[in-house]
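**Student:** Next comes the sequence, and after it the predicted model I'd like to discuss.
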Amino acid sequence: MGLPGSGKSYFAKNLANKIHAEYLGSDELRKELGLMGSYQLDNKLSVYEEMFDRAKKIHKSGNSLVLDGTFYLQQVRDMFIFLSKSLSWQLFIIHVTASEELIAKRLSKPRTDSEADMDVYMRIKSEFEPILEDHIMINSTDTNLRESLELAEKFIKSNYGKARGKDIDV
C-alpha cells in the first residue's frame, strides 16, 4: 500500500515475482472495469470489491497473492483484513513511501495504468487514514529495490517476528 508515485506498484510486481505469488493491482482493475478517471468513492470501492472477489478465487487455487493499491481508507483495509481472517490467510501489510520530491518526479512522467498526478497525490495524502495494523514501512528510492525486496521477504518469512508493529526504513 502507499500513495500515488511512491513506487508501490513497481515494488509489488517485483515482490510477487520474487515470492512466486500472483499479483492484483487496483490500477489494472480500474482500467479493466472502465473506471479510469473515475475516482469517486463509489468507483474506488467497486475496484476494491472486485479485488476482494478475485482474491477469494485465488485463495481457492492455493496460491499466494500480492495486492497493490493505495489502501488509504481503513474501511478498505478492513475488507481485506476480514478476508484474510475468514480464510485463515496470513496478511502482511507493506507500506511503501518515498520523498515528496521523488514522488513529484515520478508523477510528472506518463504512466500506462495510472492517471494520478500531484493533485491526486495531495488529495489522497490528506485523506490517508493511520495504519492501525502491524506493518512494515519501506522507503522507496530509485536505487534500493533489491534491498527493499529483501527486507519485505524477511518480514514475511519471519511471520512478523522481530519486525512486528515497527516501521522500518531502508
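**Tutor:** Noted; the coordinates are in hand.
**Student:** pLDDT averaged over the helix of greatest length in the chain - what is it?
**Tutor:** Counting by DSSP state H, the longest helix found in the chain is helix 41-61. Averaged across helix 41-61, pLDDT comes to 89.
**Student:** any idea which helix or strand comes after it?
**Tutor:** Tracing the chain C-terminally past helix 41-61 and defining elements by DSSP states H and E, one meets strand 65-68 next.
**Student:** Now find how far off-centre the longest helix of the chain is within its chain.
**Tutor:** Counting by Cα atoms, centre = their mean, to the nearest Å, helix 41-61 is centred 13 Å from the centre of its parent chain.
**Student:** Now that helix: buried residues?
**Tutor:** Neighbour counts over helix 41-61 (16 or more other Cβ atoms under 10 Å) mark 44, 46-48, 50-52, 55, 58-59 as buried. Every C-beta, even on glycine, is put in place using the N, C-alpha and C of the backbone.
**Student:** Could you dump the residues you listed into CSV with distance to Leu132 added?
**Tutor:** Output for the buried residues of helix 41-61, formatted as CSV (distance: Cβ to Cβ, whole Å):
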residue, distance to Leu132
Lys44, 20
Ser46, 24
Val47, 22
Tyr48, 18
Glu50, 25
Met51, 20
Phe52, 19
Ala55, 21
Ile58, 25
His59, 24
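**Student:** about what we covered before: residues in contact with the longest helix of the chain?
**Tutor:** Residues outside helix 41-61 that contact it (Cβ atoms under 8 Å, 6 or more residues apart in numbering): 22, 24, 26, 29-30, 33, 35, 65, 67, 69, 76, 79-80, 83, 87, 89.
**Student:** Cool, thanks, signing off.
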